[in-house]
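S.K.: From the sequence below, what's the structure:
(4 chains)
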Amino acid sequence: MVIDVFLALGLVVLAWQALIGGSLFRGIVMFIVFGMVLTLAWAWLGSPDLAMAEAAIGAGVTGALIMIAYWRLRRINAVEPRDPSPARSRLALVIAVLATGLVGAIGLAAVSALTGDATAARVMNETLPDTGLGNPITGVLIVFRNLDTLLEVAVVLAAYIAARAALGRESADLPLPPAPDTPLLTPLVVTLAPLTMVVAIYLLKAGSQYPGGAFQASALLAALGVLLVLTGRVGPAAAANWLTRAGLVIGTLVFCLVGLGMLVIGAPLLAIPGIWAVYLIEAAMMISIGLTLVLLFAGAPGLSGKRS
Amino acid sequence: MVAEALACLVLVPVVAACLALVLPGRWRWLAVAAGLLPLPLAMAWLTGELGREGLITVAVAGFEAPLGIVWRLDGLSAVLVWLNIIIALLVGLHAAAHYPADKLNGFRFWPLWLLLSGAMNALLLSADLFNLFVTLELVTLAAIGLLVVDRKPQAMRAAVRYLLLALLGSLFYLLGVALVYGQTGTLDLYQAAGVLQPDLLGHTALVLMTVGLLVKAAIFPLHGWLPAAHGNAPGPVSAVLSAMVVKVAVYLVWRLWLWLAGDWAIPAGLTMLGLLGALAIVYGSLQALVQQRVKMIVAYSTVAQLGYLMLLFPLLGLVAFQATSYHLLSHGLAKAAMFLAAANLLTRLGTDQLGDLRGADRRMPLDVFTLALAGVSILGLPPSGGFIAKWLMLQTALAQGGWLWVGVILVGGLLAAAYLFRVLAVLCARPVACPELPVSGKADQLTSLVALGLALAALAAGFVPAPVLKLLATAWPLGGAP
Amino acid sequence: MNHPEIWMLAAAGLFGLGLYSLIIARHLLRQLIAIKIMGSAVFLVLVVTAGLVDGSLDGIAQALVLTGIVIAVAAIAFALALVVSLAETTGSISLNPDDDDGR
Amino acid sequence: MNWLLPGLILFLLVNLLAGLWRVWRGPSSADRMMSALLFGSTSVAVLILMAEWQGIRALRHVALLVVMLAAIIAITYVGISGARDKGSETNPDRKAP
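M.R.: Residues are numbered from 1 along each chain as shown, chains lettered A, B, ... in the order given. Got it, this is the predicted structure:
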């Protein structure tokens, strides 16, 4: 009870700190800390999968993306926006209080009406053993509701192309902060890079039975990529070579082709023929999503060996 | 075979989008053609099948609801899938002139175009509330990506506003879905319809999802983002945004109120939605009257015409359903034609400021003719698809004695006449000066012909409404009379 | 999950704070953070109102939230690129409500 | 014994709060950096304790992931904020309204 209150209150206070008042930079740091506390909250609620996803994607990758965007905006020296008018603030306050009341009321009503008998989840728990998977979340994502996942990978792909379209030809190399030059960093990167890869592949492998899976692994790979870009091991390139482009689409492509292939042999559309297919699809998704996130961070269509 | 055809509608464009990214320049056309050309064939076959069966359902991955996701093709989704395919193909033909596949902008345009059409098919087929959320996100991101493909500053500003509001709308929608799932334990729209209770939580969930979708559908007073976005997007993108992207959100509101909450009997909510539609018609038309740019006039006309789609709620009945669906179809065709014609004026004359376009009819007769022809359908003059739709709407309203709705439909028609004649009057006015046009190439002729083709299609919809109306009737969930 | 009420209240607070900041904030980055935090609130509602099944959290709800988190990061990444690009081309990092193009 | 683990968790959470106060106050980037590192390691400890208390072993995987990420986030933070301090004459943290 005390811990519930502590974590919940911490979330609200951190959100307040991230959103209202203070400098934007502090707001971003507070947002990353918010992600960490949300990780703890998911863990405390009993969902390791969501805790991992929140730590890796919610706090880690999103935080890094916002941070680098902040750095770029400062470089551009864009006009700082003016403060909102008092009338607008008052209106906002009324709307926000109403929204809080509404969500609070329906939330409380919904939990008081909890029956503990979610039909879909019950059916899922009964069906899961047939698939040979031990992790229900991987089961839902890759086997039962894999159309969602397929379209979700397509969303990531669309976001990448759309971001490229927005940035255009002339910003093929958006500014990146100069690589920090310290004696400690090189050994750290040398140790961290292979270690992160091992952990990512472990998470992917473990995902079939235990919490973990393609998304967490890809976020970890993306974080590694961010590190390599920041330390100058990998640099943005003005054009993507075919390998990069193949990496971007392999997740969507493999998923679609497995799904269509099942139709050819007479199985239902997108049916998953076995554990090997789960690993195949997850590995492909891990490559695509991880690569996409790194490219979005670097703000470049491709990557090259070394930053100039 | 049914599953194969449905899979073709969704997965083929997605695979083609991947290939369009990977294949080198000259081969990219192949991917685009392979992604779009099979769609009408698959849909033609499915329509035949639908005529026999009345309803097609397929459990994706072989898992029935509540565990899996179910695809469900009925008359309404079939009509919209057809519209989507026609728009993707014809407007795509127009876009081919602007975005050569072997150039950099084509490299960005075509994958997004393919993803957008695949995502819209997926949305129209899906019967799963959460899957609809995912498809909506894909539609939104692809559409906004297309909006900024030319990197025009106004388009970018419009895109940021559109994106923020669309994300906010998604959150409201998802909150509603969360409540439905918590209450019913299922995400399937048709299963949830049987279980969800019309109590406080049920109603709140419905309202939250509706508000989220109304933002995406740009229904008055949540339309603020639409004119800037549709008015500043590249020509073909404006066409698909107005013809399809906002429509699918309205389509989902229909699904929620008539299929999910079908027998709850909530007259207050239905009237409220109808009033929003009425306000949209009046406000959008008045704004269209005072705009100075052709594309902005067409964009505000979209705000107004979307209002007619909301009149289904107060008029509620089989004929009203056929009428509004038919309006959706014919407006989609006519509006795409108008945007393409306006885009042609803008590209070739360098401006779409009304004041600078005097005498444009002498320089670009075909496009001005297209604007007029599409206008006939938007106005609802016979013989056009728009006429059938508005005539049926008016008939239902008269039969029910809904004088307010009769008045709104008539006033909307008059205002539409006013803003369209204003445009045509200027375009056909005596020119101040007549600088020579550059010699038109084949690509220019093609773009004009495509726009004309869409306008003719909207007109033709007025001649053969019977099969479409019959197909729509099979989808109506609530019985003959309200 | 012993005290779902507490989490619902937290979600309500996060949603309200996010909405407030979304309306008053002028800096687009701040508005994006607001959307992300509102998203977290919705995810909390989704998982907590789905409740427990056989003593553990509803697996389907968790999977949906996982999907939602990935979609959110994709959308935010695109939005950030758009904001940076907008600042490059127009020198502005806010949406001025008095702009002429919106009306 | 029943109170020991939750007690420890709570104690560590209070530690986090103290760290948060440093993030909030600053004043220099180094202070914020230190407290961010404190956040990483304390979260790992909390996660491991939660794994024991709730009997969900998989929470250790989460702890592993956080260990990896904490190092990376720290370097990201140093990289960007160091470049930021060098690149601009005014420190934005100081001009908070």
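
S.K.: For chain C, just list every one of the helices.
M.R.: Assigned by DSSP state H, chain C shows helices spanning C:4-24, C:28-50, C:59-90.

S.K.: Same check on the stretch 101-250 of chain B?
M.R.: In the stretch 101-250 of chain B, the helices defined using DSSP state H, counting those that start in this stretch lie at B:104-125, B:129-147, B:153-184, B:189-195, B:200-217, B:226-232, B:235-240, B:246-254.

S.K.: Is chain C within reach of the second one?
M.R.: Yes. Using CB under 8 Å from any CB of the partner chain, a contact is recorded between helix B:129-147 and chain C, made by B:130, B:133-134, B:137, B:141, B:144-145. Placement of C-beta: from N, CA and C, glycine included.

S.K.: send the alpha carbons of that helix over as CSV?
M.R.: This file holds the C-alpha atoms of helix B:129-147, laid out as CSV (Å, rounded to 0.1, in the frame of the first residue of the first chain):
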residue,chain,number,x,y,z
LEU,B,129,-11.2,-2.1,-31.7
PHE,B,130,-7.5,-2.2,-30.9
ASN,B,131,-6.5,-3.2,-34.4
LEU,B,132,-8.5,-0.2,-35.6
PHE,B,133,-6.3,1.9,-33.4
VAL,B,134,-3.1,0.5,-35.0
THR,B,135,-4.5,1.0,-38.5
LEU,B,136,-5.6,4.5,-37.6
GLU,B,137,-2.1,5.4,-36.5
LEU,B,138,-0.6,3.9,-39.7
VAL,B,139,-3.0,5.9,-41.8
THR,B,140,-2.3,9.1,-39.8
LEU,B,141,1.5,8.8,-40.0
ALA,B,142,1.6,7.9,-43.6
ALA,B,143,-0.8,10.7,-44.5
ILE,B,144,1.2,13.3,-42.6
GLY,B,145,4.4,12.0,-44.1
LEU,B,146,2.9,12.5,-47.6
LEU,B,147,1.7,16.0,-46.5
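
S.K.: for it, packing partners?
M.R.: Helices and strands touching helix B:129-147, by 3 or more CB pairs under 8 Å, 6 or more residues apart in numbering or on different chains; DSSP states H and E, are helix A:146-167, helix B:104-125, helix B:153-184, helix B:200-217, helix B:235-240, helix B:246-254, helix C:59-90.

S.K.: In a markdown table: these, plus mean pLDDT.
M.R.: Output for those, formatted as a markdown table (pLDDT from 0 to 100):
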| stretch | mean pLDDT |
| --- | --- |
| helix A:146-167 | 94 |
| helix B:104-125 | 92 |
| helix B:153-184 | 94 |
| helix B:200-217 | 94 |
| helix B:235-240 | 94 |
| helix B:246-254 | 96 |
| helix C:59-90 | 93 |
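
S.K.: can you tell me which residues contact B:His331?
M.R.: B:243, B:305, B:308, B:377-378, B:386, B:389, B:458 (CB atoms under 8 Å, 6 or more residues apart in numbering or on different chains).

S.K.: Save those residues as a markdown table, and put in pLDDT too.
M.R.: A markdown table is the format used below for those (pLDDT from 0 to 100):
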| residue | pLDDT |
| --- | --- |
| B:Ala243 | 94 |
| B:Gln305 | 95 |
| B:Tyr308 | 95 |
| B:Ser377 | 92 |
| B:Ile378 | 92 |
| B:Gly386 | 90 |
| B:Ala389 | 93 |
| B:Ala458 | 93 |
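
S.K.: so of the residues you listed, which ones are in helices?
M.R.: Per DSSP H, the subset of the contacts of B:His331 in helices is B:305, B:308, B:377-378, B:386, B:389, B:458.

S.K.: Give the burial count for the closest residue to chain B within chain A, as a bare number.
M.R.: When scored by CB to the nearest CB, chain A has A:Ala162 as its residue closest to chain B, at 2.6 Å. When counting by other CB atoms under 10 Å in any protein chain shown, one arrives at 33 neighbours for A:Ala162.

S.K.: Near chain C, which residues of chain D? Just list them.
M.R.: Residues of chain D lying near chain C (CB under 8 Å from any CB): none found.

S.K.: where does chain D have low pLDDT?
M.R.: D:1, D:26, D:29-30, D:32-33, D:78-79, D:81-97 (pLDDT under 70).

S.K.: Show me where it has its helices.
M.R.: For chain D, applying DSSP H gives helices covering D:4-25, D:29-54, D:59-87.
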